[in-house]
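# task: produce atomic coordinates for the following.
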Amino acid sequence: MEIACVIGSRMAAPPRPGRSGGSRPGRESLPDPVEAAEQTEAMVRALESIGAAVESERAGEAFFAVEGLRGIYGGDTEGVLSAVREVVGVRARVGVAPTRLAAYALARRNDDGHVSDAGLHAFLAPLRISVLMPRLPVPERESEELVTALERLGIRTLGGLAQLTPDQAADRFGVLGLQALKLARGEDEPLRPRVPHEELAEQIELPEGTAGRQLERALELLVDRLLAAPQRRGRTLLGLRLGAKLAGGGSWSVEQGLGRPSAAAGVLRGVLVTRLESLPGPAETLRLRALGFGPPAADQLELSFRGSDSGRRHRLGQAVREVRAAQGSEALLKVLPVDADSRVPERWAMLTPFPEL
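The predicted structure follows:
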């Protein structure tokens with residue numbers, strides 16, 4: 001099997017990053033984590049658009065099997081790689097090899113190379129042992145400790161590690177040592193591609209100095225826009241990611257599960273508004289992304305009492321959905337007060353989609 005690794009160089013973390021978002025002497029600084037996640041998601045969606053079943057577990061990296069795509073793109077690997085470069089851009093690095101580790105190491109060389117089954121062991125043998133660090137399924141500290149221990153024993157390449165027996169690796173390094181040995185010998189687990197899901201996200205630019213009640217109004221606007229987006233198609237939401245680009249540089253994000261599927265604007269605002277308190281500084285952009293979809297929001301049976309307006313609200317909500325389906329998400333809007341005391345008229349109020357009652 002041939003596995004392609006695509007690395008977005010602007011968003012991938014360095015091989016041996018510093019902790020706490022900083023850097024160590026002589027090493028690269030970490031990319032902005034939220035921005036890297038957003039760009040990685042865009043890269044994965046681009047690959048999925050050409051039919052690839054993508055596995056992506058680290059920022060800036062994506063893996064997929066090449067075999068199933070050859071028939072679509074000219075019958076050979078080069079045709080598939082041409083399609084990849086077209087959708088992800090020329091700055092992305094691509095490597096193709098029989099295992100994730102080899103494909104990753106090849107992509108890091110930035111030469112768009114290809115390693116065959118016959119040449120796999122010869123390619124892996126001279127690689128530095130540190131190439132294992134991002135590929136081991138353990139926290140960074142544990143993988144770094146393993147690499148450091150191997151280097152102190154004089155094992156500095158994958159070829160040297162591959163010469164150990166499984167008993168030797170397990171006796172000295174335990175389960176993690178066995179995992180490293182398998183990678184060094186060219187053994188790999190099957191790919192675990194994610195299930196493609198639809199993009200549903202909204203973003204708003206914030207005026208300078210937005211805080212407090214104004215920030216809550218901006219969140220209300222984001223929620224209204226998200227629920228009115230055509231691609232939601234009446235479905236409930238399972239979770240949300242609220243993020244911000246900070247005015248002083250950097251970014252912030254937090255994920256919020258909903259407990260049960262919901263498409264009620266009040267519920268979404270209620271669980272998200274308290275998260276704004278953890279915003280570390282003034283923000284210039286606020287983002288909201290749906291993390292999963294639940295079943296369509298079902299109509300609930302209601303008891304009608306004399307004088308109750310529940311029936312009227314139900315009919316009004318149905319009318320809103322019908323008009324929006326026919327004319328688009330911007331067909332029905334309401335005025336949302338933002339900052340009545342501002343000297344700038346444009347900040348007094350904003351238009352936001354009318355809610356589906």
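# so where's the stretch 51-200 of the chain shaky on pLDDT?
111-112, 197 (pLDDT under 70).
# quick one: the strands in it?
With DSSP state E, counting those that start in this stretch as the criterion, the stretch 51-200 of the chain has strands at 61-65, 93-97.
# got the ones you listed as TSV, with mean neighbour count and distance to residue 72 columns?
In short, each C-beta sits where N, CA and C put it, glycine included. Putting those into TSV (neighbours: other C-beta atoms under 10 Å; distance: least, C-beta to C-beta, whole Å) gives the following:
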stretch	mean neighbour count	distance to residue 72
strand 61-65	23	13
strand 93-97	24	16
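# of the ones you listed, which is nearest residue 283?
strand 61-65 (28.1 Å; C-beta to C-beta).
# what packs against that closest one?
Counting contacts by 3 or more C-beta pairs under 8 Å, 6 or more residues apart in numbering; DSSP states H and E, strand 61-65 packs against strand 3-7, helix 33-49, helix 100-109.
# residue 274 is nearest to which of these?
Judging the helices and strands packed on strand 61-65 by C-beta to C-beta, what sits closest to residue 274 is helix 33-49, at 19.4 Å.
# contacts for the closest one next, please.
Contacts to helix 33-49, defined as C-beta atoms under 8 Å, 6 or more residues apart in numbering, come from residues 6, 8, 10-13, 21, 54, 56, 59-62, 64, 84, 87-88, 92, 194, 196, 199, 243, 245, 251-253, 287.
# redo the helices and strands packed on strand 61-65 as TSV? Include mean neighbour count and distance to residue 174.
TSV is the format used below for the helices and strands packed on strand 61-65 (neighbours: other C-beta under 10 Å; distance: least, C-beta to C-beta, whole Å):
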stretch	mean neighbour count	distance to residue 174
strand 3-7	25	27
helix 33-49	18	30
helix 100-109	22	20
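# so for residue 314, what's the pLDDT?
Residue 314 carries a pLDDT value of 59.
# please parse the protein into its domains.
For the chain, the structural domains run 3-184, 201-353, going by automatic domain parsing.
# can the ones you listed go into CSV with extra columns for distance to residue 190?
Formatted as CSV, these follow (distance: least, C-beta to C-beta, whole Å):
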stretch, distance to residue 190
domain 3-184, 9
domain 201-353, 24
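# just those domains: most buried one?
Most buried of the domains of the chain, by mean neighbour count (mean count of other C-beta atoms under 10 Å): domain 3-184, with a mean of 17.
# distance between it and the chain's centre?
Domain 3-184 has its C-alpha centroid displaced from the chain centroid by 17 Å (C-alpha atoms, centre = their mean, to the nearest Å).
# that domain spans what distance, first to last residue?
End-to-end span of domain 3-184 (C-alpha to C-alpha, to the nearest Å): 16 Å.
# tell me which stretches of the stretch 51-200 of the chain form helices.
Along the stretch 51-200 of the chain, counting by DSSP state H, counting those that start in this stretch, helices occupy 67-70, 77-88, 100-109, 120-124, 140-152, 158-162, 166-184.
# show me what the fourth one is packed up against.
In terms of contacts (3+ C-beta pairs under 8 Å, 6+ apart), helix 120-124 is packed against helix 100-109, helix 158-162.
# redo the ones you listed as a markdown table? Include distance to residue 179.
Output for the helices and strands packed on helix 120-124, formatted as a markdown table (distance: least, C-beta to C-beta, whole Å):
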| stretch | distance to residue 179 |
| --- | --- |
| helix 100-109 | 11 |
| helix 158-162 | 11 |
